[in-house]
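Novice: Test case, fold it:
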Amino acid sequence: MSGFRILSALKPADAAGLAEFHRVAASALAFDGYAPFNEQALFDLQAGLRTAYLVTVPGMAVSPASDIGDEVAESDDVADEVAESDDVASSIVVGAALGGRGEIDLVISPEYRRRGYGRDAVRELAATEPNGLTAWSHGDHPAARALATELRFVAARTLLELRKPLVAAGETPQAGAAETSAGTTAAAGEAGAGASALEGISAFRVGSDDAEWVALNALVFATHPEQGAMTEADLTARQAESWFNADDFLILRDADSRMIGYNWLKVDGAMGEIYVVGVHPDAAGRGLGRALMQAGLHRLVAAGCTTAALYVEADSLGPVHLYRALGFADHTVDVQYRRLPD
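Specialist: Predicted coordinates for the structure are as follows:
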């Protein structure tokens, strides 16, 4: 796209540019401890629904403590300052961003932060989108809050990442212990409707359960902007991911074999994620959500996971209460900002 001073738009076929985009994201993840782009944003990029950008400035790479960095930090017009330097050698990549679908995501490489690059990049990205623009701040960084205020963005959503240790400190999980494979009971000590419901849990059947699950998921998450909008094509895309395992996709059916709940798990080494869990509204209040959670946690232990993680909207008071009662605690906070109309 023409007219950018600090952004370089990447074409879908630009393998080298996209590799650099993912390198910046990986560097930020290693430094911050959380990903700068969420999974849905990356799926949208892969599907051609969003555009990837590199944040670039003309000049030589500078170290975090260099005089050039200190001088740039004092300027609101960073790109102009660097461009006028006699030491300019070539363009350097200082960050990465995503635009499109009324949303922007941005990360600046750790070694180039606090120099004004983020402010310049957000201004350019914001100019490409309508007034209803939203932007995620992963980790709820104080600098992002300050920049949001400056650019007339207000907090619109808060997403919590909660985590729970699955084994005591110093213990080693044993694969197969407390196993909860399809059709087996998770915990002998659980009682009530939730315990009996475990007998109705089976593995997701790829190709047979797709349409029924998409319909149930849309009903459960009718007010959720991303999860409730999942289509069969979206489901197929996730089934193609290396982490997908149908046996980790727990489906709960009633006596008439109707799908009334699910707990989709994502196992990634020692980390096990409660990817998405839901219960049919007509079956709410019967302890089925807790039963599905317990079944999922036992299966994660059986898979050798040492930590369970999940994401939940902060204002979903019922689910948040359940997760905390099960031993989950705050890990990170993501805030979505929305730009005020002009």
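Novice: what's the nearest residue to the most centrally placed residue in the chain if we skip its chain neighbours?
Specialist: Note on the chain: the residue nearest the mean C-alpha position is residue 38, at 3.2 Å, using CA atoms, centre = their mean. Sequence neighbours aside, residue 136 is the residue nearest to residue 38 in space, at 6.8 Å (criterion: CB to CB, 6 or more residues apart in numbering). (Glycine included, C-beta is placed from N, CA and C.)
Novice: so who does residue 227 touch?
Specialist: Residue 227 sits next to 217, 221, 276 when contact means CB atoms under 8 Å, 6 or more residues apart in numbering.
Novice: My read is that the second one contacts residue 215, right?
Specialist: No: the pair formed by residue 221 and residue 215 falls short of the contact definition of CB atoms under 8 Å, at 11.5 Å.
Novice: Which one's more surrounded, these two?
Specialist: A direct count of neighbours by other CB atoms under 10 Å for residue 221 and residue 215 places residue 221 higher, at 16 against 12.
Novice: Which residue, neighbours along the chain excluded, lies closest to that one?
Specialist: residue 228 (3.6 Å).
Novice: Confirm the one you found sits in a helix?
Specialist: Yes: counting by DSSP: H, G, I helix; E, B strand; the rest coil, residue 228 falls inside a helix.
Novice: What number of residues are in the vicinity of it?
Specialist: Residue 228 has 13 nearby residues by other CB under 10 Å.
Novice: who's in contact with it?
Specialist: Residue 228 touches 217-218, 220-222, counting by CB under 8 Å, 6+ apart.
Novice: one more time with 6 Å, if that's ok
Specialist: 218, 221-222 (CB atoms under 6 Å, 6 or more residues apart in numbering).
Novice: Then residue 253?
Specialist: 200, 259.
Novice: Dihedrals phi and psi, it?
Specialist: phi -120, psi 150 (degrees, to the nearest 10).
Novice: Return the set of residues that bridge with it.
Specialist: Beta bridges link residue 253 to residue 259, judged by DSSP bridges.
Novice: burial of residue 167, as a residue count?
Specialist: Residue 167: 16 neighbours (other CB under 10 Å).
Novice: now it: how far from residue 297?
Specialist: Going from residue 167 to residue 297 by CB to CB, to the nearest Å gives 11 Å.
Novice: could you point out where the protein is predicted with low confidence?
Specialist: 1-3, 60-89, 131, 168-198 (pLDDT under 70).
Novice: Let's see that with 80 instead.
Specialist: 1-4, 59-90, 129-131, 167-199, 342 (pLDDT under 80).
Novice: Relative to residue 101, which of the contacts of residue 228 is nearest.
Specialist: Of all these, residue 101 sits closest to residue 221, with 18.2 Å by CB to CB.
Novice: quick check: longest strand of the chain.
Specialist: Of all the segments of type strand in the chain, defined by DSSP state E, the longest one is strand 153-165.
Novice: List of residues touching that one?
Specialist: Counting by CB under 6 Å, 6+ apart, 307-312, 314, 323, 327-328, 331-332, 334-339 sit against strand 153-165.
Novice: Recalculate using a threshold of 8 Å.
Specialist: Contacts of strand 153-165 (CB under 8 Å, 6+ apart): 34, 134-135, 148, 297, 306-315, 320, 323-324, 326-340.
Novice: Quick one: residues in contact with the longest helix along the chain.
Specialist: The longest helix of the chain (DSSP state H) is helix 15-32. Residues from elsewhere that reach helix 15-32, judged by CB under 8 Å, 6+ apart: 8, 10-11, 35-37, 52-54, 93, 95-96, 107-110, 138-139.
Novice: now that helix, how far from the centre of its chain.
Specialist: Between the centre of helix 15-32 and the centre of its chain there are 16 Å (CA atoms, centre = their mean, to the nearest Å).
Novice: Could you tell me which residues within the next helix or strand after that helix count as buried?
Specialist: As assigned by DSSP states H and E, the chain's next helix or strand after helix 15-32 is helix 39-46. Neighbour counts using 16 or more other CB atoms under 10 Å place 40-45 of helix 39-46 among the buried residues.
Novice: Packing partners of helix 39-46?
Specialist: strand 91-99, helix 232-239 (3 or more CB pairs under 8 Å, 6 or more residues apart in numbering; DSSP states H and E).
Novice: Tell me which of the contacts of residue 227 fall in strands.
Specialist: Per DSSP E, the subset of those in strands is residue 276.
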